[in-house]
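Visitor: Can you look at this prediction? I've put the sequence above it.
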Amino acid sequence: MEFPRCDTTVAWAALQGHFAAHGRDLDLREAFNRDPGRFDSLSLQAPGVFADLSKNLWDLKTRKLLTELAQECGLEARRDAMLAGAPINTTEGRAVLHTALRAPRGTAPFSDEVHGVLDRLFDFAEQVRDTGSSGIRHVVNIGIGGSDLGPQMVVPALDAWAHPGITMHFVSNVDGHDITPVLRRLRPDNTLFIIASKTFTTQETMANAAVARQWFLDQGGTDIDRHFVGATTNLTAAAEFGIHITFGFWDWVGGRYSLWSAIGLPIAIAVGSEHFRALLAGAHAMDRHFAEAPLKSNLPVQLGLLDVWYRNFHRFSSRSVAPYHQGLKRLPAYLQQLEMESNGKCVDLDGEPLPFGTSPVVWGEPGTNGQHAYFQMLHQGTDVVPVEFIAVKHPTHPHADLHAKALANCLAQSQALMLGKTTEAALGEAAPTASASLGKLTVARHRTFPGNRPSTTLLLDTLTPHTLGALIALYEHRVFTSGALWGLNSFDQWGVELGKALASQLLPRLTASGAADTRGLDASTAGLLARLKD
């Protein structure tokens, strides 16, 4: 089925006219003064997540035109094709069915296979969690990309449910400075290594796995089969390594969508099978919302449309994610892969060059840490960067005063971005730390905030396995929405391969004895190689 690309539609042309006439110069302060109901009309409730979209540079007319754009681009049909298991990953001829990994039994494609693996996975996780019998006190997940970022994000987020007697470790970087300090804290008799690689050939993962196995043997370990387990489909390679306990998944599970699969084994060990099932249930609830809610009240869709509005009309090139919950400290890194690996493309489904921008740069840090780092630029820098605040109403710790301070800062930052501060207001304030040699007007200009800077606030009642699952799925479907309108294949990642191939060619030159072999290399690479070999 053929669908039009966003820039070829009638709605796109209408949006261009709307942007020129109204959207470019929209002032949030004036918009709120004109419309007392703006918060209510531009907020949405989805399973587990409430979204305040009212501090964004749009209005009801913008939202209407964007929704018409989604309809004209066939978003609903594209979504339904994905959920039904059509091979929408056209460059690899694969289905895209991460939603099937969290669907109840009998309700999605491949249900028997999915739940067969989950049942085995949960049985194994519970055996490990019985530390009296298993003897396991440390679990080391060795993976990279989707085999690392998802579990490494979820485990600290769900710390309130973590097993008190098991410490989780994550190793991903092929740089030995990653694995060395981890191994230093371990003993082979009470450590379980999870080698997470679908093909069991991922360069970085297998290099670290080899180091871990050698360390295990050097430290007197004698039972590799008991202390190493694989999340992989390559049973032959795993057996050759010494691993016979494996949990597989399928080619319709992309790496950045794989935490719901066998890649989630460290999550299941950390929080237990009951809470992992709640994580899956939360994601499934968001899946149903994405599948069934009308486009105008469909939160993943509206966020994806807002991303298109900002990227292609306002020309904003990045978005900052600021979770005001320390448990979500790894969420920005997780979202970097989810969004930029999915939609960081420059050609459409037909291989034609795109005349517009696609994925923004996604970056961030938890609040309040980010306030003392990069928020200066957000408030007074020359670039406008939309900010995404994530707040949690109820903490899972007993320090109510600390939680109130975090929430107050979250609300204040979005308020300050919108309101700003005029030079006149700054002139009327005392500035005790300002230099006495500067004139008052000069100081006031330094203390002026332009304001009218957009933000979204996502609010969770409590950060639980269920709401975290919903939040992650929300981001997945949002990325699908913007990618579909841009006419992308959001599910391949050819861009990660060229550098790997060149690294394989350079490695023998680095490890060979003697002078550097720089034949056939560009001058820069040759010069750097020579210095490294000197």
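Guide: Right, received. Where do you want to start? Numbers count the residues shown, from 1 in each chain.

Visitor: Under the pLDDT cut-off, which ranges of the protein? List them.
Guide: 1 (pLDDT under 70).

Visitor: which residues in it form strands?
Guide: Along the chain, the segments classed as strands by DSSP state E run 43-46, 49-52, 138-142, 167-171, 191-196, 228-231, 246-247, 318-323, 361-364, 387-394, 455-462.

Visitor: could you redo these as TSV and give each row mean neighbour count and distance to Ala207?
Guide: Where you see a C-beta, it was placed from the backbone N, CA and C, and this is true even at glycine. TSV is the format used below for the strands of the chain (neighbours: other Cβ atoms under 10 Å; distance: least, Cβ to Cβ, whole Å):
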stretch	mean neighbour count	distance to Ala207
strand 43-46	18	41
strand 49-52	19	39
strand 138-142	24	10
strand 167-171	21	10
strand 191-196	26	11
strand 228-231	26	15
strand 246-247	20	20
strand 318-323	24	31
strand 361-364	20	28
strand 387-394	20	35
strand 455-462	19	38
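
Visitor: Out of these, which is closest to Leu488?
Guide: Ranking the strands of the chain by their distance to Leu488 (criterion: Cβ to Cβ) puts strand 361-364 first, at 15.8 Å.

Visitor: chain center to that closest one: distance?
Guide: 10 Å (Cα atoms, centre = their mean, to the nearest Å).

Visitor: do you know which of the strands of the chain lies nearest Arg63?
Guide: Ranking the strands of the chain by distance to Arg63, with Cβ to Cβ as the measure, places strand 43-46 first at 10.4 Å.

Visitor: hmm, what's the outermost residue in this protein?
Guide: Among the residues of the chain, the one whose C-alpha is farthest from the average of all C-alpha positions is Ser437, by Cα atoms, centre = their mean at 47.5 Å.

Visitor: what's the single longest helix in the chain?
Guide: Longest among the helix segments of the chain by residue count, using DSSP state H, is helix 465-486.

Visitor: For Leu459, which non-adjacent residue is spatially closest?
Guide: The spatially closest residue to Leu459, leaving aside those adjacent along the chain, is Phe50, at 4.4 Å (Cβ to Cβ, 6 or more residues apart in numbering).

Visitor: you'd agree the one you found is up against Leu458?
Guide: Yes. Under the criterion of Cβ atoms under 8 Å, Phe50 is in contact with Leu458, at a separation of 7.3 Å.

Visitor: In contact with the residue lying closest to Phe39 once chain neighbours are set aside, which residues are there?
Guide: Spatially, and ignoring its direct neighbours in sequence, Phe39 is nearest to Ser54 (4.6 Å; Cβ to Cβ, 6+ apart). Taking Cβ atoms under 8 Å, 6 or more residues apart in numbering as the contact definition, Ser54 lies against 32, 38-39, 41-43.

Visitor: From those, which land in helices?
Guide: Taking DSSP H as the definition of helices, the contacts of Ser54 contribute 32, 38-39, 41.

Visitor: residue boundaries of the helices in the stretch 151-300 of the chain?
Guide: Defined through DSSP state H, counting those that start in this stretch, the helices belonging to the stretch 151-300 of the chain, from first to last, are 176-183, 203-218, 224-227, 235-241, 265-271, 273-292, 299-309.

Visitor: check contacts around the residue positioned nearest the centre of the chain.
Guide: Using Cα atoms, centre = their mean, the residue of the chain that lies closest to the mean C-alpha position is Leu335, 1.7 Å off. Remark: with contacts taken as Cβ under 8 Å, 6+ apart, Leu335 is in contact with 321, 362, 475.

Visitor: Test my guess that Ala209 contacts Ile195.
Guide: Yes. Using Cβ under 8 Å, Ala209 and Ile195 qualify as a contacting pair, with a distance of 4.7 Å.

Visitor: rewinding a little: now do the residue farthest from the centre of the chain against Glu429, distance only.
Guide: Ser437 sits at a distance of 19 Å from Glu429 (criterion: Cβ to Cβ, to the nearest Å).

Visitor: now do Ala373
Guide: According to Cβ to Cβ, Ala373 and Glu429 sit 25 Å apart.

Visitor: quick revisit: what sits in contact with each of Ala209 and Ile195?
Guide: Shared contacts of Ala209 and Ile195 (Cβ under 8 Å, 6+ apart): 142, 241.

Visitor: All the helices of the stretch 401-534 of the chain, residue numbers only.
Guide: Secondary structure of the stretch 401-534 of the chain by DSSP H, counting those that start in this stretch: the helices cover 423-427, 440-446, 465-486, 497-511, 523-533.

Visitor: would you turn the ones you listed into TSV with mean neighbour count and distance to Ala77?
Guide: Formatted as TSV, the entries for the helices of the stretch 401-534 of the chain read as follows, by neighbours: other Cβ under 10 Å; distance: least, Cβ to Cβ, whole Å:
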stretch	mean neighbour count	distance to Ala77
helix 423-427	14	51
helix 440-446	14	53
helix 465-486	25	10
helix 497-511	11	31
helix 523-533	13	47
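
Visitor: and Arg277, which of the ones you listed is closest to it?
Guide: When the helices of the stretch 401-534 of the chain are compared (using Cβ to Cβ), the closest one is helix 465-486, at 8.2 Å.

Visitor: Return the list of helices and strands in contact with the closest one.
Guide: Contact here means 3 or more Cβ pairs under 8 Å, 6 or more residues apart in numbering; DSSP states H and E; on that basis helix 465-486 packs against strand 49-52, helix 60-72, helix 75-84, helix 146-157, helix 273-292, helix 299-309, helix 342-343, strand 455-462.

Visitor: Now render these as JSON lines, adding distance to Ala237.
Guide: Rendered in JSON lines, the data for the helices and strands packed on helix 465-486 read as follows (distance: least, Cβ to Cβ, whole Å):
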{"stretch": "strand 49-52", "distance to Ala237": "40"}
{"stretch": "helix 60-72", "distance to Ala237": "43"}
{"stretch": "helix 75-84", "distance to Ala237": "31"}
{"stretch": "helix 146-157", "distance to Ala237": "15"}
{"stretch": "helix 273-292", "distance to Ala237": "27"}
{"stretch": "helix 299-309", "distance to Ala237": "37"}
{"stretch": "helix 342-343", "distance to Ala237": "28"}
{"stretch": "strand 455-462", "distance to Ala237": "41"}
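
Visitor: Among those, which comes closest to Ala512?
Guide: The minimum distance between Ala512 and the helices and strands packed on helix 465-486 falls on helix 146-157, with 30.6 Å, by Cβ to Cβ.
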